[in-house]
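**Q** turn this into a structure:
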Amino acid sequence: MQNRFPAKLLIIDDDQALCDSLSMLLEPQDFIVYSTTSGEEGIQLCRALQPDVIILDLLMPGVDGWEVARQIRQFSTVPIIVLSAVSKPDLVAKALDEGIDDYLIKPISGAVLAAHLKRITHRAREVTHL
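**A** Residues are numbered from 1 along each chain as shown. All right, here's what the predicted structure looks like:
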């Protein structure tokens, strides 16, 4: 089994401090990290960069995470992981039903987040090469 890392990660979250800390945490874990605090820019970056995986916040001003995911799903099957402070079961179920690949609750340890990202990226790459 070949592990093709580094993987391109796009973070779309309106919290710049969170984007920065996730970048610092995940770059040593073999991720090339891109980030934006704008949902609209996140959609454009997804088209341009063709990332291997996306971390997405749902509650953002302007174009929220729900709309970002809907628009990305129109042109890409990139794995999307929601990272949210909201842990309501009905919201998690709705996100998964609407095409989100994983839903993680903040705060989360860096090791657990990296493990989720690597697992989902590896599986997506396996499917692509079948």
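**Q** so which residues make contact with the top helix by length along the chain?
**A** With secondary structure taken from DSSP state H, the chain has its longest helix at helix 110-128. Surrounding helix 110-128, the residues in contact under the criterion Cβ atoms under 8 Å, 6 or more residues apart in numbering are 3-5, 7, 9, 22, 25-26, 29-31, 52-53, 55, 77-79, 81, 83, 101-102, 104. C-beta here means a position set from N, CA and C on the backbone, and glycine is covered the same way.
**Q** can you give me phi and psi for residue 106?
**A** Backbone torsions for residue 106, taken as degrees, to the nearest 10, come to phi -80, psi 150.
**Q** if we can go back for a sec, return the distance of the longest helix of the chain from the chain's centre.
**A** In terms of Cα atoms, centre = their mean, to the nearest Å, the gap separating the centre of helix 110-128 from the centre of its chain is 11 Å.
**Q** what's the end-to-end length of stretch 6-16?
**A** Between the opening and closing residues of stretch 6-16 lies a distance of 23 Å (Cα to Cα, to the nearest Å).
**Q** can you give me the buried ones in it?
**A** Within stretch 6-16, the residues that count as buried by 16 or more other Cβ atoms under 10 Å are 7, 8, 9, 10, 11, 12, 13, 14.
**Q** same thing with stretch 119-130?
**A** Of the residues in stretch 119-130, those buried by neighbour count under the rule 16+ other Cβ under 10 Å are 120, 121, 122, 124, 125.
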